[in-house]
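*Asks:* Kindly generate the corresponding structure for this input.
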Amino acid sequence: MVQSGVKWFLLGWFLFRGISSINLDDKGRLAIPTRYREMLRNCAEGQLVVTVAVNERCAGEEGCLWLYPLPEWEKLEQTISQLPTLNKMAGKLRRFVIGNASECEMDGQGRLLLPENTGTLHGWIKKLC
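*Replies:* Reported below is the predicted structural model:
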């Protein structure tokens, strides 16, 4: 059980505000807070993208994840991809946000299975357990 420090954000249409206690089970599944599950099913059919949050210096924010409905993620990914390639901050943003992104599907119980290859995400959350 993560007691504090994990901030849930959903950018696009709405925002997960504040700090939520979440469960990370032995299989690496995160439980989406109940109050957001129906909205996510309606707007994206439970298809989400999870990635690391970044600060103003494009450095990863430890213990903070960004969740996007897939349609909103596709818009953001296109915007980030169109940033100038010679801009160092744009390169960092691509590496952190797009490079750490993984598609996830919310199951019938409102959980997301984080893919095994997203070690950064697992590592940050396990640090808080």
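
*Asks:* How many residues are close by residue 108?
*Replies:* Counted by other C-beta atoms under 10 Å, the residues lying close to residue 108 total 8. The way it works is simple: take the backbone N, C-alpha and C, and place the C-beta from them, glycine included.

*Asks:* Please give the element, helix or strand, for it.
*Replies:* Assigned by DSSP states H and E, residue 108 belongs to neither a helix nor a strand.

*Asks:* Residue 46 versus that one, what's the distance?
*Replies:* 9 Å (C-beta to C-beta, to the nearest Å).

*Asks:* end-to-end on stretch 81-99?
*Replies:* 11 Å (C-alpha to C-alpha, to the nearest Å).

*Asks:* Same question for stretch 80-92.
*Replies:* End-to-end distance of stretch 80-92 (C-alpha to C-alpha): 11 Å.

*Asks:* Which of the residues in that stretch are classified as buried?
*Replies:* By neighbour count on 16 or more other C-beta atoms under 10 Å, the buried set for stretch 80-92 is 90, 92.

*Asks:* so where's this structure uncertain?
*Replies:* 1-23, 57-63, 116-129 (pLDDT under 70).

*Asks:* And residue 70, its phi and psi?
*Replies:* Dihedral pair for residue 70: phi -50, psi -40, per degrees, to the nearest 10.

*Asks:* Before I go, just wanted to say thanks for your time.
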